[in-house]
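Colleague: build the 3D model from these lines:
(4 chains)
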There are 2 protein chains.
Amino acid sequence: MTPVDQDAPLGRRDLRKQQTRAALTGAALRLCASRGFDQVTVDDISAEAGVSSRTFFNYFASKEDAVLGDHLVEVDAMRARLAVLLPTMPVLEAVRRAVLLVVAAMEADRDHWFLRMEVIHRSPQLLPRLVLSNAEAERGTTEQIAAHLDADPAAHGYPALVVATTSAAFRCAATRWMTARGALSLGALVDEAFSALAAGLPDPD
Amino acid sequence: MTPVDQDAPLGRRDLRKQQTRAALTGAALRLCASRGFDQVTVDDISAEAGVSSRTFFNYFASKEDAVLGDHLVEVDAMRARLAVLLPTMPVLEAVRRAVLLVVAAMEADRDHWFLRMEVIHRSPQLLPRLVLSNAEAERGTTEQIAAHLDADPAAHGYPALVVATTSAAFRCAATRWMTARGALSLGALVDEAFSALAAGLPDPD
DNA sequence: CCTTAAACTTGCAGTGGCTGCAAGTTTATT
DNA sequence: AATAAACTTGCAGCCACTGCAAGTTTAAGG
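Modeller: Alright, predicted model coming up:
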């Protein structure tokens, strides 16, 4: 699932930790996908993963975290790309290209995302937590764009507006991608959504 | 808060229910605003409101519900307005005008909204739940627009895209409104955001 | 006015998420 | 081989939340 980060000093210990963590998220996803989120207890997940329930909470702060996991890994890369692109083109276009990094990561992780989606679809209570972590990421990007424009984010609404609307557009594309179970390319769907945004959301046809 | 709905058959019982409900949300808002959401227990709220903690759960399904309350009351009115406007103008413009109904309701309820905002700002865990209930409303509006366009919502991304992005724009405006503590008119902020959307989110200035 | 049925409140007991603490056990360090 | 650090675990406990079985209040009909 999550590839090993660069050349890390991996002793038996860190290895086992990764292993345990993966076993926990795996068990959580599997169980929740088949039974539904609240028909699964932390004890169930821990037992399936072969650790105590107390240990579960050494790895995750909540049951939800085990399911949603770290779906924000690519944010740093996206932000770096954005920093490079912003000075050379309009904000909206820079964001569109930066988002393609996330698109690539998601398309590479297809199966994992579909499984996660299955769980979230079954148990919509999880959706909020997903939105929250996104919100945090959005705030950072907003500040980045505000700095680029030399604008006070509090006084000027533009940075927050761009980030919020593009995020919404991205989520729309992702939703279409998943309901189509990957029959369409996520990249193409994202492009379509961003084009509509750039055109001012005119009525279709 | 919520004005009495039309000519209702209000006996002592229903009256007391309204009273209790208001006391609970009031206590919840007050306590959470001063102490923070998770420094307040359901027992605290119930005691402050003068009922048992068990009764609390007869009124609200969760502690969060008591704080967030019914912030979706005006949705029906908005949808009705939208139905009237859609055939006579572009979708985006119709949505903009329909949203003005919500704007009016919020501006009439200023103080309450600011208090709620105070709580949410202190305890961001609440923000997601807020977004979630919005999501439900968004789905309905999406279907409405899809029907108007004679489009299959699954096949065509436009309806969901318009709704998601305009909702995001609205939230941005609302956030600015609240951080400015009402120094700016919510209506003006919403108009500004929608204008930017309609123009394709060009770089400012 | 009085009776009866429905609605509302409440205590109680119990489940499950989640945390701090104080062992014990495993792994890294010298 | 000895010591320190990290990891796991059981335990005791808090709190959100629920079902159940009273008790109490209000509405409705005679």
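
Colleague: look up how far A:D205 lies from A:R97.
Modeller: Distance, A:R97 to A:D205, using Cβ to Cβ, to the nearest Å: 27 Å. In this view, the C-beta of every residue, glycine as well, is placed from N, C-alpha and C.

Colleague: more neighbours: which of these two?
Modeller: Neighbours per residue, other Cβ atoms under 10 Å in any protein chain shown: of A:R97 and A:D205, the larger number sits with A:R97, 15 against 7.

Colleague: what does chain A put close to DNA strand D?
Modeller: Residues of chain A lying near DNA strand D by Cβ under 7 Å from any atom of the strand: A:R13, A:D14, A:R16, A:K17, A:T20, A:V51, A:S52, A:S53, A:R54, A:T55, A:N58, A:Y59.

Colleague: now neighbour count, pLDDT and secondary structure too, for the residues you listed, in JSON lines please.
Modeller: Formatted as JSON lines, the residues of chain A next to DNA strand D follow (neighbours: other Cβ atoms under 10 Å in any protein chain shown; pLDDT from 0 to 100; DSSP: H, G, I helix; E, B strand; the rest coil):
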{"residue": "A:R13", "neighbour count": "8", "pLDDT": "72", "secondary structure": "helix"}
{"residue": "A:D14", "neighbour count": "11", "pLDDT": "82", "secondary structure": "helix"}
{"residue": "A:R16", "neighbour count": "10", "pLDDT": "88", "secondary structure": "helix"}
{"residue": "A:K17", "neighbour count": "14", "pLDDT": "90", "secondary structure": "helix"}
{"residue": "A:T20", "neighbour count": "17", "pLDDT": "95", "secondary structure": "helix"}
{"residue": "A:V51", "neighbour count": "17", "pLDDT": "96", "secondary structure": "coil"}
{"residue": "A:S52", "neighbour count": "12", "pLDDT": "96", "secondary structure": "coil"}
{"residue": "A:S53", "neighbour count": "13", "pLDDT": "96", "secondary structure": "helix"}
{"residue": "A:R54", "neighbour count": "9", "pLDDT": "96", "secondary structure": "helix"}
{"residue": "A:T55", "neighbour count": "13", "pLDDT": "96", "secondary structure": "helix"}
{"residue": "A:N58", "neighbour count": "11", "pLDDT": "96", "secondary structure": "helix"}
{"residue": "A:Y59", "neighbour count": "17", "pLDDT": "96", "secondary structure": "helix"}
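
Colleague: count the residues that sit near the closest residue in space to A:A198 that isn't next to it in sequence.
Modeller: Ranked by Cβ to Cβ, 6 or more residues apart in numbering or on different chains and with sequence neighbours excluded, the top spatial neighbour of A:A198 is B:G200, at 4.8 Å. Neighbour count of B:G200, defined by other Cβ under 10 Å: 16.

Colleague: next up, phi/psi of B:G200, please.
Modeller: Main-chain dihedrals, B:G200, degrees, to the nearest 10: phi 90, psi 30.

Colleague: report pLDDT for A:Q125.
Modeller: We have a pLDDT of 82 for A:Q125.

Colleague: thanks a lot, catch you later.
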